[in-house]
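# Fold the following and give me the result.
(4 chains)
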Protein chains: 2
Amino acid sequence: MPKNPQPELVPVDRAILRLLAENARMPNNAIAEEVGIAPSTCLARIRALRERGVIRGYHADVDPAALGLGIQAMISVRLHAHTKERISSFTAEIPLLPGVLTAFHLAGADDYLLHVAVPDTDALRDFVLDHLTAHPAVAHTETSLIFGHMRGHMTA
Amino acid sequence: MPKNPQPELVPVDRAILRLLAENARMPNNAIAEEVGIAPSTCLARIRALRERGVIRGYHADVDPAALGLGIQAMISVRLHAHTKERISSFTAEIPLLPGVLTAFHLAGADDYLLHVAVPDTDALRDFVLDHLTAHPAVAHTETSLIFGHMRGHMTA
DNA sequence: AATGAAACGCCACAAAC
DNA sequence: GTTTGTGGCGTTTCATT
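Here you go, the predicted model:
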């Protein structure tokens, strides 16, 4: 959780991060061998990365369709007023809504972009009408179905 | 990788998935105790979920800012022609571009939505000009800076 | 700061209930 | 599906360089 200043990010750390980003369950031994350092050193580096906040967590990637959420969509949301209170209250509520995978707070014509997964198009309509259109702070929404998505390699 | 038909997703599986989605490195023993089944059973269920494709992978969540990528943006991309060949070639190229975290293929006015992370605004401009505007299939782009984002709880 | 060895804990496989 | 037990591996700490 702590986000210390950056004592520089050395190449071996980047290599470790690349491996863990691809497979968070890769054994420490295997990582150490792959990047060319001792297992204990590798473990210490990973722990340091975790505590510095470089690694924010480890998450299983669950297929929404397997959970019965076969439809995914991107919903642009524009708010009425842009007072800080309204923004922050909306920001706090949004990730709690059922089906919201990720919520982006944007600088631009639209204020938010919601990535949602729902069982079917009826549920999508209900989501927009019940939680967005009905919300007093919401001025406008625009929904686009998602055909598919791809992860990049984080090859920065 | 195999995506078998679904032999039904029982509540205990959903509980396991919820825990692993939050912390992919949670020990099997702890998961088993939390959901109320034996460790060996839990392990077998997790393995089955993995092989059925319900769990697609385990990924470390790395802070892009720590990698020197302090700027994130969403870029809407509209293509000229919508032939299948063009779409698929663009789809194949996009996730390879440096800085692309995720690429969404949309149904709507815009064809793609790119979530990118770059070191600074200069790099963002270069990304758009070099890889998108210069691409023959690209008709229009629109870039919005990202102030922040939140993960939902996957509480489907 | 990185290494190597040694204790600990967890995991995986195999039975039997 | 659960429980127990055993072997093997990964992890963790410590002493050392």
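# Report the central residue of chain A.
Among the residues of chain A, the one closest to the centroid is residue A:102, at 5.4 Å (Cα atoms, centre = their mean).
# Residue A:55 is in contact with residue A:49, isn't it?
Yes: applying Cβ atoms under 8 Å, one finds residue A:55 in contact with residue A:49, separated by 4.8 Å. Every C-beta, even on glycine, is put in place using the N, C-alpha and C of the backbone.
# joint contacts of these two?
residue A:17 (Cβ atoms under 8 Å, 6 or more residues apart in numbering or on different chains).
# what's next to stretch A:124-131, contact-wise?
A:71, A:73, A:75, A:97, A:98, A:99, A:116, A:118, A:141, A:143.
# With DNA strand C in mind, check whether the longest helix anywhere in chain A reaches it.
Looking across chain A with DSSP state H, the single longest helix is helix A:39-52. Yes: under the criterion of Cβ under 7 Å from any atom of the strand, DNA strand C is reached by helix A:39-52 at A:39, A:40, A:41, A:44, A:45.
# packing partners for the helix or strand following that helix?
The element immediately downstream of helix A:39-52 (helix or strand, assigned by DSSP states H and E) is strand A:55-62. When contacts are defined as 3 or more Cβ pairs under 8 Å, 6 or more residues apart in numbering or on different chains; DSSP states H and E, strand A:55-62 packs onto helix A:11-22, helix B:11-22, strand B:55-62.
# quick one: strands adjacent to strand A:55-62?
Taking DSSP bridges as the criterion, strand A:55-62 sits next to strand B:55-62 (antiparallel) in its sheet.
# picking up where we left off before, if you rank the contacts of stretch A:124-131 by neighbours, which is first?
Neighbour counts for these (other Cβ atoms under 10 Å in any protein chain shown) peak at residue A:116, which has 26 neighbours.
# before we move on, which element is that one in?
strand A:112-118.
# What strands flank that strand, and is each parallel or antiparallel?
By DSSP bridges, strand A:112-118 pairs with strand A:71-79 (antiparallel), strand A:100-107 (antiparallel).
# So is stretch A:20-35 next to chain B?
Yes: Stretch A:20-35 comes into contact with chain B (Cβ under 8 Å from any Cβ of the partner chain), by way of A:20, A:21, A:22, A:23, A:24, A:25.
# close to chain B, is the lowest-mean-pLDDT helix or strand in chain A?
The helix or strand of chain A with the poorest confidence is helix A:84-93; it has a mean of 83 (mean pLDDT, DSSP states H and E). Yes: shown here: helix A:84-93 in contact with chain B (Cβ under 8 Å from any Cβ) through residue A:91.
# Show residues contacting that helix.
Contacts of helix A:84-93 (Cβ under 8 Å, 6+ apart): A:79, A:80, A:103, A:105, A:111, A:112, A:135, A:137, B:150.
# hmm, try it at 10 Å
A:77, A:79-81, A:83, A:100, A:103, A:105, A:111-112, A:131, A:135-138, B:147-148, B:150 (Cβ atoms under 10 Å, 6 or more residues apart in numbering or on different chains).
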